[in-house]
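Asker: sharing a sequence plus its predicted fold:
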Amino acid sequence: MMGPIDLHVHSCCSDGSLTPGELVELAAAKGLSAFALTDHDTVEGLTEAFEAARRHGEALTPDACVSPVRVIPGIELSTAWKGRDIHILGLLIDPHSPIFHRYLQDFVNSRRERNRKMCLSLASAGIDITYEKLTAEFPVRILTRSHFARYLYHHGYTGSYREAFDRYIGDHSPHYIPRERITPQKAIELIHQADGLAILAHPLHYRFSSRDLEALVEVLKEQGLDGLEAVYCTHSPSEEQYLRSLAARNELAVSGGSDFHGSVKPGLELGSGYGRLYIPASILEELEERMHRKGHSYEAPI
């Protein structure tokens with residue numbers, strides 16, 4: 001019998017704290033049979049994750065009571081819809097898609113320019129920060145506002161990450177500079193060009209009314225959306241059931257994930273979220289079946 005899975009996980013290649021290899025080790029220790037590495041706007045960590053999973057599988061003895069950990073190639077793309085930040089997960093993608101890579105490089109360049117401007121704005125307020133100092137402290141390909149928050153906290157400008165967002169870099173704070181975002185439709189197109197499935201991440205996170213959320217789902221379905229992340233770390237049983245029903249009404253698949261970031265989100269565990277999350281392997285099997293019905297058969301290593 002396959003163990004539970006987690007289809008929404010971040011590494012230090014975006015705004016998580018663990019390396020892709022450490023995530024494989026943690027997934028194995030927790031008895032997960034698979035997890036999806038879904039870093040923000042990058043697939044940089046997948047090669048390391050695949051290799052770590054391969055080594056883990058080779059190290060298992062024939063009589064081992066656990067299965068190898070499978071790494072599902074994924075990504076989380078940031079989009080904008082009616083002024084809201086909407087995230088679209090790509091699952092079971094082909095990370096080697098050349099069209100996909102060209103877009104990701106353009107996005108990295110755009111994000112880098114935004115981050116430089118935010119550093120200048122913060123410096124104008126008397127904060128000792130430059131883009132070079134920020135990248136030296138966080139030598140990762142994708143710098144997010146989470147890294148700004150950690151910098152401000154580590155250097156004593158705030159008492160918490162939350163305060164950093166409230167005072168300096170939140171959406172309505174003085175030093176926030178919006179970056180270029182694509183539409184959800186474009187994100188869905190890019191994920192499909194990489195032969196993956198497009199999933200609306202944490203649908204309740206955006207605080208839409210039920211009416212507006214259902215309108216969004218209907219629009220995205222027409223644009224090719226494949227599923228909803230109904231099983232999520234903060235969803236109550238009734239919220240999960242509502243999203244499962246919404247997915248069924250729109251003939252969409254159901255996905256599930258913890259949105260694990262390591263120490264960046266204290267108390268949130270890989271696979272189990274805040275303690276009550278359980279994502280059965282059958283969810284991944286159903287997603288793969290949907291892939292096959294669409295005519296795609298990409299298989300990731302391990």
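Answerer: On my side now, so go ahead.

Asker: which helix in the protein runs the most residues?
Answerer: helix 98-124 (DSSP state H).

Asker: quick one: pLDDT of the residue lying closest to residue 275 once chain neighbours are set aside?
Answerer: Among residues not flanking residue 275 along the chain, residue 269 sits closest, at 7.4 Å (Cβ to Cβ, 6 or more residues apart in numbering). Every C-beta, even on glycine, is put in place using the N, C-alpha and C of the backbone. Note on residue 269: pLDDT of 98.

Asker: before we move on, the earlier item: just checking, what packs against the longest helix of the chain?
Answerer: helix 131-137, helix 145-154, helix 184-193 (3 or more Cβ pairs under 8 Å, 6 or more residues apart in numbering; DSSP states H and E).

Asker: kindly recompute the last result at 7 Å.
Answerer: Contact here means 3 or more Cβ pairs under 7 Å, 6 or more residues apart in numbering; DSSP states H and E; on that basis helix 98-124 packs against helix 131-137, helix 184-193.

Asker: can you put these in a markdown table and add distance to residue 294 and mean neighbour count?
Answerer: Formatted as a markdown table, the helices and strands packed on helix 98-124 follow (distance: least, Cβ to Cβ, whole Å; neighbours: other Cβ atoms under 10 Å):
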| stretch | distance to residue 294 | mean neighbour count |
| --- | --- | --- |
| helix 131-137 | 39 | 14 |
| helix 184-193 | 9 | 21 |
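
Asker: redo the ones you listed as JSON lines? Include distance to residue 19 and mean pLDDT.
Answerer: Formatted as JSON lines, the helices and strands packed on helix 98-124 follow (distance: least, Cβ to Cβ, whole Å; pLDDT from 0 to 100):
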{"stretch": "helix 131-137", "distance to residue 19": "17", "mean pLDDT": "96"}
{"stretch": "helix 184-193", "distance to residue 19": "25", "mean pLDDT": "96"}
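
Asker: residues in contact with the lengthiest strand in the chain?
Answerer: Using DSSP state E to define each element, the chain has its longest strand at strand 70-81. Strand 70-81 is contacted from outside by 7, 24, 33-41, 43, 46, 49-50, 53, 85-93, 95, 181-184, 187, 201, 216, 300, 302, using Cβ atoms under 7 Å, 6 or more residues apart in numbering.

Asker: okay, buried residues for it please.
Answerer: Neighbour counts over strand 70-81 (16 or more other Cβ atoms under 10 Å) mark 70-79, 81 as buried.

Asker: do the same with stretch 219-236
Answerer: 220-221, 225-233, 235.

Asker: closest to residue 129 among those residues?
Answerer: residue 233 (31.3 Å; Cβ to Cβ).

Asker: what are the phi and psi angles of that closest one?
Answerer: phi -60, psi -30 (degrees, to the nearest 10).

Asker: mind listing the residues bridging to the closest residue to it other than its chain neighbours?
Answerer: Distances taken as Cβ to Cβ, 6+ apart place residue 273 nearest to residue 233, at 3.2 Å, with adjacent residues excluded. Beta-bridge partners of residue 273, counted by DSSP bridges, are residue 269.

Asker: my read: residue 273 touches residue 236, true?
Answerer: No - with contact defined as Cβ atoms under 7 Å, residue 273 does not count as touching residue 236 (12.0 Å).

Asker: widest-spaced pair of the buried residues of stretch 219-236?
Answerer: Among these, 221 and 233 lie farthest apart (Cβ to Cβ), at 24.5 Å.

Asker: where along this structure do the strands fall?
Answerer: Going by DSSP E, the chain shows strands at 5-9, 34-37, 70-81, 84-91, 197-200, 227-232, 253-257.

Asker: what about the first one, average pLDDT?
Answerer: Going back to what we said before, that points to strand 5-9. Average pLDDT, strand 5-9: 98.

Asker: the second one now?
Answerer: In this model, strand 34-37 has an average pLDDT of 98.

Asker: just the CA coordinates of that strand, formatted as PDB?
Answerer: What follows is strand 34-37, C-alpha atoms only, in PDB (Å, rounded to 0.1, in the frame of the first residue of the first chain):
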ATOM      1  CA  ALA A  34       5.600  11.100  -3.300                       C
ATOM      2  CA  PHE A  35       5.800  14.800  -3.100                       C
ATOM      3  CA  ALA A  36       5.700  17.600  -5.700                       C
ATOM      4  CA  LEU A  37       8.400  20.200  -5.700                       C
END
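
Asker: that one: how far from the chain's middle?
Answerer: On the basis of Cα atoms, centre = their mean, to the nearest Å, strand 34-37 sits 10 Å off its chain's mean C-alpha point.
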